[in-house]
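A.B. asks: Have a look; sequence and predicted model below, questions after that.
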Amino acid sequence: MISLLIILPVEVLAVGMLYRTIKIEPRTIWLGFWTLAVALMSVLLANSLLFILAKELAWSWLTNGILIAGAAIAGLFLLFSLLFNLYGAYYSWQLWRKRYHTLANLLLPIFMVVFGLLQFYWPFFIKNGPLNLMSLGIIFLANYFFTLFLIFLVGAIVYDHLTRQLDSAYYVVLGAGLIGGHKVSKQLGNRIKLAVDAAKAYVVRHQRYPIIIFSGGKGGNDRPSEAQAMQAYAVEKFGYPVEFTMLEDQSTTTRENMRFIIQKIQAHSQGRVHHFVFFTSEYHVFRAVIQAHFLQIDAHGYGSYTPRHFRFNAFIREYVAMLNMYRRGHAVVIGVTLIVLVMNFIFSLFG
């Protein structure tokens with residue numbers, strides 16, 4: 001009964017905050033946080049009710065079953081957390097090696113692999129008294145990263161279901177690397193097709209064409225810019241009128257995409273339009289809208305189809321990029337935790 005008195009108010013709070021986030025501003029990581037909070041509180045609420053039922057009816061098998069299921073879920077969470085940290089460390093390292101050669105970005109894969117390995121050996125630490133708290137701190141940090149990933153993943157899934165009806169006079173296709181430096185890839189083609197289909201539906205509703213802006217500069221080996229290649233693809237393959245297209249061919253990051261696009265739109269509309277709808281791959285949408293919200297830009301997105309075998313790797317990459325967006329906050333969490341652990345270890349040695 002006491003647990004119900006605690007869980008019920010928290011459940012109501014979580015539901016209320018989730019509703020508020022969806023209605024006011026879903027383009028934040030809080031969307032995933034409050035969705036997970038509602039799910040967790042619902043599970044705990046059901047668990048408490050089942051315990052009360054089992055106690056009233058003297059069903060010991062039900063009580064034991066609940067305990068076993070809870071232990072199994074906790075064990076799976078720890079296992080997936082370990083595997084995730086090692087996998088995330090690998091892709092963080094790849095991101096640093098290929099694109100972002102900074103010390104701050106190098107620290108992330110180092111921390112993740114250390115936490116993953118130490119989490120694997122935590123039973124050894126528990127057997128040694130002075131290292132007991134250290135082992136708990138290691139588990140905390142490892143699960144911290146895994147929980148952030150779950151929040152990001154859930155937020156992306158929920159956001160995708162909230163953006164079924166979006167409209168704007170300006171549609172934007174976010175670029176991606178070109179094959180051989182000049183050819184539109186299948187995934188990039190999916191983005192373009194989704195935008196053209198949406199634009200044709202817009203024509204049916206409003207009896208006029210929207211402007212499609214193709215956004216993307218030149219990569220290391222690209223001969224035309226991504227924007228030029230995408231524009232040619234849309235015109236030649238899908239027959240979209242070139243006079244209703246624009247190019248933004250200077251950006252090389254999502255942040256630059258958003259900043260340069262809104263400048264183009266405001267200049268073209270003479271300051272009358274301040275929002276747009278963009279099209280990208282489904283795994284990239286949530287980070288892109290968070291980036292737009294971070295820059296105070298009114299933009300929402302649609303995601304095109306991504307092959308199943310590519311989704312997890314791509315989403316890991318997006319998650320790592322999200323961590324880098326807020327790396328100062330994560331650095332504070334890691335730093336404070338490590339300071340507490342080191343101080344406890346020193347005090348244990350001399351205590």
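C.D. replies: Everything's here; your move.

A.B. asks: residues contacting I265?
C.D. replies: Neighbouring residues of I265 by C-beta atoms under 8 Å, 6 or more residues apart in numbering: 170, 213, 273-274, 276. C-beta here means a position set from N, CA and C on the backbone, and glycine is covered the same way.

A.B. asks: again with G137
C.D. replies: With C-beta under 8 Å, 6+ apart, G137 has these contacts: 337-338, 340-341.

A.B. asks: Taking those residues, tell me the two that lie furthest apart.
C.D. replies: Using C-beta to C-beta, the contacts of G137 span at most 7.3 Å, a distance reached by L338 and V340.

A.B. asks: Going by neighbour count, which of the contacts of G137 comes out on top?
C.D. replies: L341 (19 neighbours; other C-beta atoms under 10 Å).

A.B. asks: Not counting its neighbours along the chain, what's nearest that one?
C.D. replies: G137 (4.3 Å; C-beta to C-beta, 6 or more residues apart in numbering).

A.B. asks: May I have the phi/psi pair for the residue nearest to the spatial centre of the chain?
C.D. replies: Centroid-nearest residue in the chain: F152, 3.7 Å away (criterion: C-alpha atoms, centre = their mean). For F152, the backbone dihedrals (degrees, to the nearest 10) come out as phi -60, psi -40.

A.B. asks: picking that back up, the contacts of I265: which two are farthest apart?
C.D. replies: I213 and H274 (14.4 Å).

A.B. asks: Those two: which is more packed in?
C.D. replies: When neighbours are counted by other C-beta under 10 Å, I213 comes out ahead of the other of I213 and H274, with 26 against 12.

A.B. asks: now the more buried one, what's its secondary structure?
C.D. replies: strand (DSSP: H, G, I helix; E, B strand; the rest coil).

A.B. asks: Can you name the residues bridging to it?
C.D. replies: V172, M246 (DSSP bridges).

A.B. asks: Number of residues surrounding the closest residue to Y302 other than its chain neighbours?
C.D. replies: Using C-beta to C-beta, 6+ apart and skipping residues adjacent in sequence, the residue nearest Y302 is F279, 5.1 Å away. For F279, the count of nearby residues is 24 (other C-beta under 10 Å).

A.B. asks: Work out for me the element F279 sits within.
C.D. replies: strand 275-281 (DSSP states H and E).

A.B. asks: Mind checking the pLDDT average for that strand?
C.D. replies: In this model, strand 275-281 carries a mean pLDDT of 94.

A.B. asks: Could you do stretch 292-306 as well?
C.D. replies: pLDDT averaged over stretch 292-306 gives 92.

A.B. asks: That stretch: end-to-end distance?
C.D. replies: 22 Å (C-alpha to C-alpha, to the nearest Å).

A.B. asks: again, but for stretch 156-171
C.D. replies: 21 Å.

A.B. asks: What residues of it count as buried?
C.D. replies: 156, 158-159, 163, 166, 168-171 (16 or more other C-beta atoms under 10 Å).

A.B. asks: Also stretch 15-26?
C.D. replies: Result for stretch 15-26 [16+ other C-beta under 10 Å]: buried residues 18, 21, 26.

A.B. asks: do stretch 304-315 as well
C.D. replies: Within stretch 304-315, judged by 16+ other C-beta under 10 Å, the buried ones are 304, 306, 314-315.

A.B. asks: which residue ranges form the strands in the chain?
C.D. replies: Taking DSSP state E, the strands of the chain run over residues 170-174, 211-215, 245-248, 275-281, 298-304.

A.B. asks: Which of these sits closest to K264?
C.D. replies: strand 245-248 (5.4 Å).

A.B. asks: who's in contact with the closest residue to the residue nearest to the centre of the chain other than its chain neighbours?
C.D. replies: In this structure, F152 finds its nearest non-sequential neighbour in Y319, 5.4 Å apart by C-beta to C-beta, 6+ apart. Neighbour list for Y319: 88, 148-149, 152-153 [criterion: C-beta under 8 Å, 6+ apart].

A.B. asks: among these, who's most crowded?
C.D. replies: G88 (24 neighbours).

A.B. asks: on that earlier part again, relative orientation of the strand holding F279 and strand 170-174 in degrees?
C.D. replies: Counting by axes from the mean of the first three to the mean of the last three C-alpha atoms, to 10 degrees, strand 275-281 lies at 30 degrees to strand 170-174.

A.B. asks: Give me the angle between strand 275-281 and strand 211-215.
C.D. replies: 50 degrees.

A.B. asks: what ranges do the helices span in the stretch 251-351 of the chain?
C.D. replies: With DSSP state H, counting those that start in this stretch as the criterion, the stretch 251-351 of the chain has helices at 254-268, 285-294, 308-325, 327-350.

A.B. asks: related to what we said a few turns ago, kindly reformat the contacts of I265 as CSV containing distance to G329.
C.D. replies: Formatted as CSV, those follow (distance: C-beta to C-beta, whole Å):
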residue, distance to G329
Y170, 33
I213, 32
V273, 33
H274, 29
F276, 29
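
A.B. asks: between those, which is closest to S42?
C.D. replies: F276 (36.4 Å).

A.B. asks: So in terms of bridging, what pairs with the closest one?
C.D. replies: Here F276, judged by DSSP bridges, has bridge partners A299.

A.B. asks: Around it, how many other residues sit close by?
C.D. replies: Around F276 there are 25 residues (other C-beta under 10 Å).

A.B. asks: Could you report the distance from it to L194?
C.D. replies: According to C-beta to C-beta, to the nearest Å, F276 stands 15 Å off from L194.

A.B. asks: Check L338 too.
C.D. replies: 45 Å.
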